[in-house]
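A.B. asks: Whatever this is, show me its structure:
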Amino acid sequence: MAVTLTDAAANRVESFLANRGKGLGLRVGIKTTGCSGLAYVLEFVDELTDGDEVFESQGVKVIVDAKSLVYIDGTELDYTKEGLNEGFKFINPNQADECGCGESFTV
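C.D. replies: Okay, the predicted model is just below:
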């Protein structure tokens, strides 16, 4: 499978990369934290590292390390605006539950 972006998410990432003036794409990963155990991490990538998987979605390169891919394979990243709130939303078919505040999740 892969990690994919919606049109809205791809447009937002392209905008960020253009403002930065550099970057290969977006790294999507996980870290151990929070009350449910795992949290998503987003960062821009300037250089690939060993073990990186590279997917292309909507013309944007999405980079995922092998450790994270186990937990987020099949995830779609969206960008939403709801009232005054806006941000990235993860649609992860592997996610079993999330904490009440939405900051962390379990698989």
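A.B. asks: Relative to the centre of this protein, find the outermost residue for me.
C.D. replies: Ranked by distance from the centre of the chain (CA atoms, centre = their mean), the top residue is residue 83, with 22.3 Å.
A.B. asks: on contacts alone, who are the packing partners of the top helix by length along the chain?
C.D. replies: As assigned by DSSP state H, the longest helix anywhere in the chain is helix 7-20. Helices and strands touching helix 7-20, by 3 or more CB pairs under 8 Å, 6 or more residues apart in numbering; DSSP states H and E, are strand 25-33, strand 37-45, strand 60-65, strand 76-82. Quick note: C-beta positions are derived from backbone N, CA and C, even for glycine.
A.B. asks: ok, 10 Å please
C.D. replies: Applying 3 or more CB pairs under 10 Å, 6 or more residues apart in numbering; DSSP states H and E, we find helix 7-20 packed against strand 4-5, strand 25-33, strand 37-45, strand 52-57, strand 60-65, strand 76-82, strand 85-91.
A.B. asks: Check which residues of that helix are buried.
C.D. replies: Across helix 7-20, burial judged by 16 or more other CB atoms under 10 Å covers 8, 9, 10, 12, 13, 14, 17.
A.B. asks: can you tell me how far the spatially most central residue of the chain sits from residue 49?
C.D. replies: For the chain, the residue nearest the mean C-alpha position is residue 28 (3.6 Å; CA atoms, centre = their mean). From residue 28 over to residue 49 the distance is 14 Å, taken as CB to CB, to the nearest Å.
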